[in-house]
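Student: Next comes the sequence, and after it the predicted model I'd like to discuss.
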Amino acid sequence: MRQTKTRCKLVDENLADMLLDPHAVSAKVLTHVAECSDCQGELVKFKATMQLLDTWQAPEPGPYFLTRLSARVREERQTAPAGWLASQWARLRAGMTYGSGLHARPLAAMALTVVLLVGGGAYLSITDVLQKQAVQPSPLAATVHDLQTLDSNAQVLDQMEALTGGNESGD
């Protein structure tokens, strides 16, 4: 009994496909419908409903329908509701229905610009901090730097001695 209910549910999901394109439905579903009287009854009811909907014609609107509708909408906009809360509610409802005077695109562009600037600044500051932490001088590097400074000082002293005329202490 439980298996039949599961299959009938499967058939219920495929009823529209069985009417519109019977070749697209699997063979399991077709054999179940051929064997199950409940599913056959549902298929017959569905066919009858579809045939009834095929015969129905939508009524044509009257010649002045749009004119009356736009006049009615204009009247609804112009009527002022009594009370402050009612007027605020009506303004909110009208804004949601007809659109507000504010345009969201410039506000969205401004918000996106602010987010990008803040995010970019945060990224740059984080990478700067990480680079400063990564380049901590070692004691060996400080010693090498001191030796390079002394060497350049010795070169400067030699150049200054050459400019002053050489060896004055030998006279």
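Tutor: Yep, it's here.
Student: Where does the prediction get shaky in the protein?
Tutor: 1-7, 80-81, 98-104, 134-140, 166-171 (pLDDT under 70).
Student: could you pull out the helices for it?
Tutor: 2-13, 15-20, 27-35, 37-55, 65-78, 84-98, 104-134, 139-164 (DSSP state H).
Student: Pipe these into TSV and attach mean neighbour count per row.
Tutor: Just so you know, the C-beta spots here come from the backbone N, C-alpha and C atoms, and that holds for glycine as well. Below are the helices of the chain laid out as TSV (neighbours: other Cβ atoms under 10 Å):
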stretch	mean neighbour count
helix 2-13	12
helix 15-20	14
helix 27-35	14
helix 37-55	12
helix 65-78	10
helix 84-98	11
helix 104-134	10
helix 139-164	10
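Student: And Ala122, how far from Val129?
Tutor: Note on Ala122: its distance to Val129, by Cβ to Cβ, to the nearest Å, is 11 Å.
Student: Same question for Asp12.
Tutor: 63 Å.
Student: Over to Leu53?
Tutor: Separation of Leu53 from Val129 (Cβ to Cβ): 69 Å.
Student: Met50 reaches Met18, doesn't it?
Tutor: No: using Cβ atoms under 8 Å, Met50 makes no contact with Met18, being 11.1 Å away.
Student: What residues does Ala86 make contact with?
Tutor: Not one residue lies near Ala86 by Cβ atoms under 8 Å, 6 or more residues apart in numbering.
Student: Return the distance of stretch 32-40 from the chain's centre.
Tutor: 46 Å (Cα atoms, centre = their mean, to the nearest Å).
Student: how long is it from one end to the other?
Tutor: Terminal residues of stretch 32-40 are spaced 9 Å apart (Cα to Cα, to the nearest Å).
Student: cool, stretch 29-47 as well?
Tutor: 17 Å.
Student: Run through who's touching that stretch.
Tutor: 4, 7-8, 10-12, 14-16, 18-19, 22.
Student: hmm, try it at 6 Å
Tutor: 7-8, 11, 14-15 (Cβ atoms under 6 Å, 6 or more residues apart in numbering).
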